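Visitor: Could you work out the structure for the sequence below:
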Amino acid sequence: MAAADVIFTGGPVFTGAGAPVTGHAVVVSGGRILAVVPEAETEAHRGDGTRVVDLGGALLSPGFQDAHIHPVGGGVELLQCNLAEAVDAEDALRRIADYAAANPDGWILGGGWAMDHYAGGAPTRHSLDAVVGDRPVLLSNRDHHGVWASTAAIRLAGLDASTPDPADGRIEREADGFPAGTFHEGAGDAFDAVLPPVDEELVYAGLLRAQSELLALGITGWQDALIGSAAGIPENLAVYRRALEEGALVAHVVGAQWWARSGGAEQVAEMVARRDELAAVDPERFQLGTVKIMVDGVAENHTAAMKAPYRDGHGHDTDNAGLSFIDPELLRDYVTALDREGFQVHFHALGDRAVQEALDAVEAARAANGATDGRHHLAHLQVVAEDDVPRFAELDAIANLQALWACHEPQLDELTLPFLQEEAEARQYPFGDLHRHGARLAAGSDWPVSSANPIEAIHIAVNRVSPGSDDEPLGGPHQRLDLATAFAAYTSGSAYANHRDHDTGSIAPGYLANLVVIEPNPFDAPADAIHLSAVTSTWVEGRAVHTREG
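Guide: Sure, this is the predicted structure:
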């Protein structure tokens with residue numbers, strides 16, 4: 001019997017589903033899991049060069065996989081004017097002023113500001129001008145569905161009171177119609193023509209920085225939900241290719257090619273060519289077989305597509321029910337064509353009308369093409385109509401959960417719920433309903449929109465309240481997931497969504513030794529203490545790629 005390279009022993013093992021097993025060791029050889037054996041049998045696999053990792057009661061789990069994330073944009077933001085840690089509007093301005101002083105020339109770019117720090121979720125150009133003077137500034141908000149611009153940036157872009165709102169966005173305006181400084185959705189594209197060229201070295205450094213951050217959180221694979229250039233995220237395919245060629249990409253990645261909503265069916269052939277070209281580089285490390293389609297916007301700026309209209313500040317119905325970025329009939333045609341070409345479709349679907357439109361498109365594709373292995377998935381799912389919940393299982397559509405959002409917090413409570421119909425609060429992020437109706441679950445973070453930490457997200461999936469909060473569980477306690485189900489969504493569930501369930505997402509013989517050690521074992525902790533667990537080491541193909549200091 002060949003000696004093992006690594007043996008993990010002395011702690012429970014979450015295999016990817018169900019309760020963790022105890023009294024067993026995981027044997028690794030050649031980058032793969034050789035066996036899961038009773039601890040008493042480990043000596044048979046030990047050799048002079050075998051590394052024995054004593055878990056000391058910590059949990060061994062498959063590496064997490066993030067099924068919806070923007071790592072390149074997140075990494076670049078960490079290297080630019082980063083407002084993600086700002087605690088309020090004043091703190092954000094201080095950080096901008098500090099960055100401007102340290103970087104005295106040219107545009108100030110970055111992002112991460114929180115809408116709930118500003119009246120109506122809309123900061124003004126004047127507050128920026130007060131700290132940067134006449135310098136052009138463009139900063140994406142935390143959810144990348146809006147930008148904040150200085151007066152200099154607005155004038156450079158040639159915008160004024162006569163500039164109309166685009167069909168897919170809205171400009172916040174002052175009394176005379178001049179842009180106030182916040183641009184929602186497609187309105188932010190007005191700056192594209194005047195922005196400075198993107199520094200390719202910065203973008204590459206952003207990818208590597210992001211990978212380091214994610215590995216430290218136990219994330220060994222992900223689905224990049226935007227391959228292309230949009231929503232303030234720089235062109236990123238070239239940097240992935242460079243990382244592959246230089247051997248710098250450690251994680252296993254699926255790329256979702258961005259569907260330009262201003263384009264049409266001609267994009268399908270272009271995406272096929274791009275997928276096939278990249279398949280020759282390193283298909284085991286990077287795949288390009290997914291397409292990302294934005295069906296709607298977000299609820300906090302009233303662009304998420306809802307079946308019922310938004311209300312105004314007095315509780316009265318408006319004439320706005322959000323935006324469907326793609327005509328539903330065309331969406332069905334596009335998804336059918338993509339499914340026929342073997343693509344997976346990754347939908348951004350946040351409002352209940354958008355969810356219905358996405359499911360209708362999947363249903364149309366199945367009717368035209370028959371059952372395929374597309375594994376199409378819908379991300380975000382903030383509001384799902386009750387009669388659409390069982391359709392996920394019926395259509396083999398995956399529910400891609402961003403669980404960190406499923407709790408009461410200022411952006412939801414101040415900018416969203418007061419403007420939705422009263423019954424919508426009970427339908428927020430209905431994870432429990434989806435699970436009970438047999439939907440396959442995957443999980444992701446949407447980082448840098450929110451924290452990439454899977455354990456923080458799992459905590460909220462289980463509790464439906466943030467740590468230390470005395471709020472009522474959002475949507476009611478029946479929307480909670482049990483811990484094993486939440487862990488499965490972030491491991492085997494996301495591996496399934498990524499078409500990598502044959503060799504990742506589970507701890508079983510033959511699978512890649514992509515593993516994470518978590519201490520203390522969250523399965524032994526009270527539900528309200530799950531967030532106190534942390535990753536102590538991360539392993540990819542049997543090699544330690546992160547070890548916590550101290």
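
Visitor: Show me where the stretch 301-450 of the chain has its strands.
Guide: Remark: strands assigned in the stretch 301-450 of the chain by DSSP state E, counting those that start in this stretch are 344-349, 377-380, 398-401, 441-443.

Visitor: which helices and strands does the last one pack with?
Guide: On a contact count with 3 or more Cβ pairs under 8 Å, 6 or more residues apart in numbering; DSSP states H and E, strand 441-443 meets strand 64-69, strand 398-401, helix 431-436, helix 454-463, helix 483-488, helix 494-497. For every residue, glycine as well, the C-beta is placed using N, CA and C.

Visitor: Same question for the longest one.
Guide: If you count contacts as 3+ Cβ pairs under 8 Å, 6+ apart, strand 344-349 packs onto strand 219-227, strand 286-294, helix 328-340, helix 352-369, strand 377-380.

Visitor: Serialize those to JSON lines and add fields for mean pLDDT, mean neighbour count and distance to residue 199.
Guide: Formatted as JSON lines, the entries for the helices and strands packed on strand 344-349 read as follows, by pLDDT from 0 to 100; neighbours: other Cβ atoms under 10 Å; distance: least, Cβ to Cβ, whole Å:
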{"stretch": "strand 219-227", "mean pLDDT": "97", "mean neighbour count": "28", "distance to residue 199": "19"}
{"stretch": "strand 286-294", "mean pLDDT": "97", "mean neighbour count": "24", "distance to residue 199": "23"}
{"stretch": "helix 328-340", "mean pLDDT": "98", "mean neighbour count": "20", "distance to residue 199": "33"}
{"stretch": "helix 352-369", "mean pLDDT": "98", "mean neighbour count": "22", "distance to residue 199": "35"}
{"stretch": "strand 377-380", "mean pLDDT": "98", "mean neighbour count": "28", "distance to residue 199": "30"}
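
Visitor: Nearest to residue 37, out of these?
Guide: In terms of Cβ to Cβ, the element of those nearest to residue 37 is strand 219-227, at 22.9 Å.

Visitor: Using JSON lines, lay out the helices and strands packed on strand 344-349 together with distance to residue 261.
Guide: Supplementary listing: the helices and strands packed on strand 344-349 in JSON lines, determined by distance: least, Cβ to Cβ, whole Å:
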{"stretch": "strand 219-227", "distance to residue 261": "13"}
{"stretch": "strand 286-294", "distance to residue 261": "6"}
{"stretch": "helix 328-340", "distance to residue 261": "10"}
{"stretch": "helix 352-369", "distance to residue 261": "13"}
{"stretch": "strand 377-380", "distance to residue 261": "16"}
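
Visitor: for those, which one sits closest to residue 321?
Guide: Here helix 352-369 is closest among these (Cβ to Cβ), at 6.9 Å.

Visitor: the inter-axis angle of that closest one versus strand 286-294?
Guide: For the pair helix 352-369 and strand 286-294, the angle between their directions (axes from the mean of the first three to the mean of the last three Cα atoms, to 10 degrees) equals 120 degrees.

Visitor: What is the distance between helix 352-369 and the centre of its chain?
Guide: Distance, stretch centre to chain centre, for helix 352-369: 22 Å (Cα atoms, centre = their mean, to the nearest Å).

Visitor: Could you do stretch 39-54 as well?
Guide: On the basis of Cα atoms, centre = their mean, stretch 39-54 is displaced by 38 Å from the centre of the chain it belongs to.

Visitor: Turn the helices and strands packed on strand 441-443 into CSV, including mean pLDDT and mean neighbour count.
Guide: Converted to CSV, these look like this (pLDDT from 0 to 100; neighbours: other Cβ atoms under 10 Å):
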stretch, mean pLDDT, mean neighbour count
strand 64-69, 98, 31
strand 398-401, 98, 28
helix 431-436, 98, 21
helix 454-463, 98, 26
helix 483-488, 98, 23
helix 494-497, 98, 30
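
Visitor: among those, which is nearest residue 13?
Guide: Each of the helices and strands packed on strand 441-443 was checked against residue 13 via Cβ to Cβ, and the shortest separation belongs to helix 483-488, namely 11.9 Å.

Visitor: Give me the contacts around that closest one.
Guide: Under the criterion Cβ atoms under 8 Å, 6 or more residues apart in numbering, residues 14, 16-19, 61, 403, 435, 441, 443, 458, 461-462, 522-523, 527, 530 lie in contact with helix 483-488.

Visitor: Now the helices and strands packed on strand 441-443 in TSV, please, with extra columns for distance to residue 383.
Guide: Output for those, formatted as TSV (distance: least, Cβ to Cβ, whole Å):
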stretch	distance to residue 383
strand 64-69	17
strand 398-401	13
helix 431-436	12
helix 454-463	17
helix 483-488	21
helix 494-497	21
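
Visitor: do you know which of the helices and strands packed on strand 344-349 lies nearest residue 476?
Guide: Sorting these by Cβ to Cβ, the top spot, which is the nearest, belongs to helix 352-369 at 17.2 Å.

Visitor: Now do the strands in the stretch 1-150 of the chain.
Guide: Assignment of strands within the stretch 1-150 of the chain using DSSP E, counting those that start in this stretch yields the ranges 6-9, 24-29, 32-38, 51-54, 59-62, 64-69, 81-82, 108-113, 137-141, 146-149.

Visitor: for the second one, packing partners?
Guide: Based on contacts counted as 3+ Cβ pairs under 8 Å, 6+ apart, the elements that strand 24-29 packs against are strand 6-9, strand 32-38.

Visitor: One more pass at 10 Å, please.
Guide: In terms of contact count using 3 or more Cβ pairs under 10 Å, 6 or more residues apart in numbering; DSSP states H and E, strand 24-29 is assigned the packing partners strand 6-9, strand 32-38, strand 51-54, strand 59-62.

Visitor: Pick the most deeply packed of the ones you listed.
Guide: Taking mean count of other Cβ atoms under 10 Å as the contact definition, the stretch among those with the greatest mean neighbour count is strand 59-62, which reaches a mean of 27.

Visitor: Output it as CSV - backbone C-alpha positions only.
Guide: Once side chains and other backbone atoms are set aside, the C-alpha atoms of strand 59-62 remain, and they are given as CSV (Å, rounded to 0.1, in the frame of the first residue of the first chain):
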residue,chain,number,x,y,z
LEU,A,59,-14.1,20.3,11.7
LEU,A,60,-12.7,19.0,8.4
SER,A,61,-14.9,20.1,5.5
PRO,A,62,-14.7,20.2,1.7
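
Visitor: can you give me the end-to-end distance of stretch 22-41?
Guide: With Cα to Cα, to the nearest Å as the measure, the first residue of stretch 22-41 is 14 Å from its last.

Visitor: List the residues that contact the residue nearest the centre of the chain.
Guide: Per Cα atoms, centre = their mean, the C-alpha nearest to the average position across the chain is that of residue 446, at 2.1 Å. Under the criterion of Cβ atoms under 10 Å, 6 or more residues apart in numbering, the contact partners of residue 446 comprise 66-70, 74, 142-144, 225, 348, 379-380, 400, 402, 404-405, 452.

Visitor: mind checking the SS state of residue 188?
Guide: Residue 188 carries the three-state label helix when classified by DSSP: H, G, I helix; E, B strand; the rest coil.

Visitor: What's the separation between it and residue 141?
Guide: Residue 188 sits 10 Å away from residue 141, going by Cβ to Cβ, to the nearest Å.

Visitor: repeat for residue 223
Guide: Taking Cβ to Cβ as the criterion, residue 223 is separated from residue 141 by 23 Å.

Visitor: Distance check, residue 438 against residue 313.
Guide: 40 Å.

Visitor: related to what we said a few turns ago, wait, which of the strands of the stretch 301-450 of the chain is closest to residue 172?
Guide: Distances from residue 172 to each of these were compared using Cβ to Cβ; the minimum, 22.5 Å, belongs to strand 344-349.

Visitor: gap between the closest one and the chain center?
Guide: The chain centroid and the centroid of strand 344-349 are separated by 12 Å, computed with Cα atoms, centre = their mean.

Visitor: Okay, now the sheet partners of that strand, with direction.
Guide: Looking at strand 344-349 with DSSP bridges, its paired strands and their directions are strand 286-294 (parallel), strand 377-380 (parallel).

Visitor: angle of the longest one against strand 64-69?
Guide: Relative orientation of strand 286-294 versus strand 64-69 (the same axes, to 10 degrees): 40 degrees.
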